[in-house]
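J.: could you work out the structure for the sequence below:
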Amino acid sequence: MDDIRAAHFTGTVSCLHHFPALELSLLNYHYSTGDLVMRGGTVQINWHGSEPVLSCDFHSLTGLLATGGADHDIKLWVLASGVDQKREIEVTYKSNLSCHSSAVNALRFSPSGDMLASGADGGELTLWKSQTADAGEVWKVFKSLLSHRKDVLDIQWSSDGVYLLSGSVDNSCIIWDAQKGSVHQILDAHSHYVQGVAWDPLGKYVSSLSADRTLRIYINKPSKTKGIRNTNFVCQDVVSKMDLQTNDESKSFKCHLFHDETLPSFFRRLAWSPDGAFIVTPAGSCKISLSSEPVNFTYIFSRKDFTRPSVMLPCSSKPFVAIRFCPIKFHLRGTNTSPLFKIPYRLIFAAASLDSLYVYDTESNQPILVVAGAHYAAITDIAWSVDAKYLAATSRDGYCTILEFEENELGSPLTSSEQETSRDTRNTIIDLSMDDKPEENASEGVANMKDDDPKEATPQTQKEGSTKMNAPKKRVTPFRID
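T.: Got it, this is the predicted structure:
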């Protein structure tokens, strides 16, 4: 394939960054609103034939984009910026990795970039290793990991690249020793498909999200064998339901927090923040009153307390199915006096619903970007490039959306020394909080987001324990649970 350029995007974008929400119908690849300028869109090229694209990830060193599809193949792509020349993003096919005999559901490069893990239907899990040849870098099969009995749906590396965590339709999670290619530990407590897994960047926890409507948090309690400490995870928390107050303060009811197996997606890709302060989970569904219909939520759990969400972010009419954090920390903008997160820097994460892409930051109470209508079928995965220049999303319609951000457009990154300082203080900054007057703050949030998507309407929420629920409003605002 020769150079192929993105030239088509027919969707809706709402930019909610320091100005009222605006909607733009995109007729080309470039759009600008206020101080947020982006390029990109749905790249209509032959990604995986006409087959669904199920996963993607960026290489941490070279910036290569890897995609996995229902055509059984992994493809590597080179992205070229269009900012300087004021043109479209260029996407160039580089190479093809073939060894799977079924659809590739999950792809993740190792932190060092020397390995690529790929999980597929039928329990196939493969480790690829980068090698230098006369023709340049090539990827060869390093290990075939054989233990899952059914489809592998999600995978995640430990931050040191020593271990790999996988989740499967066989209801189990497996921790693998990547160098040995052997099973290190099996976590088999779920009673339904494991559709998302995540590894705490601080190494203390691993987590899994399942169609059995539970989030499981496992804590590392090393065991000793012949004087050697071995990684050993045991289940610490099982999150399934939450007590909510009725209008009568003396009464409460239990509500399931997550969608059941009827969720129209094979994926519930959850993610830890880069500093390990909190974990964000998709596929939330919860009633805000005993008589109301369930509302779609994404939950944020502080590592200080996994028993219940600290923050509930409302979704559109479609549930979120994937979360991915931008790998870079940014300076605070100082534009919000009542942020959801009281931390000394900004983190940014993307959340994909079945039909839209949302971008949040920890300094704002609403998404800073919403991309809707870009795909004709469900979004399956999302990925950030290591420099935060690109955000990619894959879809079952066979296409990928790629957004490009200009330098400092998302904010001013922390310097190397500031990054180190933030690591030193990571255990004292986990404060997820909101204004002391949640009802007033909620009303403001509704006003700011009212034009985000005129087709959607969800009820207003209040802090738990309120004696009276407000009348239904157009938007659900994010709120903290004390």
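J.: could you use CA atoms for every contact and neighbour count after this?
T.: Fine.
J.: show me what contacts the residue nearest the centre of the chain?
T.: For the chain, Ile323 is the residue whose C-alpha lies nearest the centre (CA atoms, centre = their mean; 1.2 Å). With contact set as CA atoms under 8 Å, 6 or more residues apart in numbering, Ile323 has these partners: 269-271, 280-282, 349-352, 382.
J.: ditto for Gly276
T.: Counting by CA under 8 Å, 6+ apart, Gly276 has contacts 200-202, 303, 426.
J.: can you do 7 Å?
T.: Gly276 makes contact with 200-202, according to CA atoms under 7 Å, 6 or more residues apart in numbering.
J.: among those residues, who's most crowded?
T.: Asp200 (25 neighbours; other CA atoms under 10 Å).
J.: give the burial count for the residue nearest to Pro111 when sequence neighbours are not counted, as a bare number.
T.: Excluding its sequence neighbours, the residue lying closest to Pro111 (CA to CA, 6 or more residues apart in numbering) is Gly161, at 5.9 Å. Counted with other CA under 10 Å, the neighbours of Gly161 add up to 18.
J.: now Lys389
T.: Residues lying near Lys389 (other CA under 10 Å) number 18.
J.: grab the nearest non-local neighbour of it.
T.: Leaving aside its chain neighbours, Lys389 sits nearest to Phe405 (5.1 Å; criterion: CA to CA, 6+ apart).
J.: look up how far Asp170 lies from that neighbour.
T.: For Phe405, the distance to Asp170 equals 39 Å [CA to CA, to the nearest Å].
J.: can you check Asp361 too?
T.: 35 Å.
J.: next: Ala392.
T.: Going from Ala392 to Asp170 by CA to CA gives 29 Å.
J.: what about Gln419, which SS state?
T.: helix (DSSP: H, G, I helix; E, B strand; the rest coil).
J.: so who does the residue nearest to it when sequence neighbours are not counted touch?
T.: In space, and not counting its chain neighbours, Gln419 is closest to Lys329: 7.5 Å by CA to CA, 6+ apart. By CA under 7 Å, 6+ apart, the contact set of Lys329 is 345-347, 413-414.
J.: what is the helix or strand hosting Ala350 packed up against?
T.: Per DSSP states H and E: Ala350 is located in strand 348-353. Here strand 348-353 touches strand 320-325, strand 356-361, going by 3 or more CA pairs under 7 Å, 6 or more residues apart in numbering; DSSP states H and E.
J.: burial check on the closest residue to Ser353 other than its chain neighbours, number of neighbours?
T.: Nearest residue to Ser353 in three dimensions, chain neighbours excluded: Phe320, at 3.7 Å (CA to CA, 6+ apart). By other CA under 10 Å, the residues close to Phe320 number 31.
J.: circling back to that earlier point, surely the residue nearest to Lys389 is in contact with Tyr390?
T.: Yes - at 6.4 Å, Phe405 counts as touching Tyr390 under the criterion of CA atoms under 7 Å.
J.: compare these two (neighbour count), which wins?
T.: Each of Phe405 and Tyr390 has its neighbours counted (other CA under 10 Å); Tyr390 has more, 24 against 18.
J.: check what pLDDT the more buried one gets.
T.: Tyr390 carries a pLDDT value of 96.
J.: what about the residue sitting furthest away from the middle of the chain, distance to Gln179?
T.: In the chain, Lys226 marks the outermost C-alpha relative to the chain mean, sitting 39.6 Å out by CA atoms, centre = their mean. Going from Lys226 to Gln179 by CA to CA gives 21 Å.
J.: next one: Thr394
T.: Taking CA to CA, one finds Thr394 at 29 Å from Gln179.
J.: the more surrounded of these two?
T.: Thr394 (29 against 13).
J.: which residue is the nearest non-sequential neighbour of the more buried one?
T.: Excluding its sequence neighbours, the residue lying closest to Thr394 (CA to CA, 6+ apart) is Cys400, at 4.5 Å.
J.: look up how far His192 lies from that neighbour.
T.: Cys400 is 29 Å from His192, by CA to CA.
J.: who's more crowded, the two?
T.: It is Cys400, of Cys400 and His192, that has more neighbours when counted by other CA under 10 Å, with 28 against 20.
J.: quick check: that one touching Ile382?
T.: No - Cys400 lies out of contact with Ile382 (CA under 7 Å); the separation is 9.5 Å.
J.: intersection of neighbour lists for those two?
T.: 392-394.
J.: so which bits of stretch 369-384 are buried?
T.: For stretch 369-384, burial by neighbour count (16 or more other CA atoms under 10 Å) applies to 369-372, 374-375, 377-384.
J.: and those, which two are the farthest apart?
T.: Among the buried residues of stretch 369-384, the pair separated by the greatest distance (CA to CA) is Ala377 and Trp384, at 21.1 Å.
J.: please, where are all the helices along this protein?
T.: Applying DSSP state H to the chain gives helices spanning 416-424, 438-449.
J.: go through those helices and find the least confident stretch.
T.: Across the helices of the chain, helix 438-449 has the smallest mean pLDDT, namely a mean of 30.
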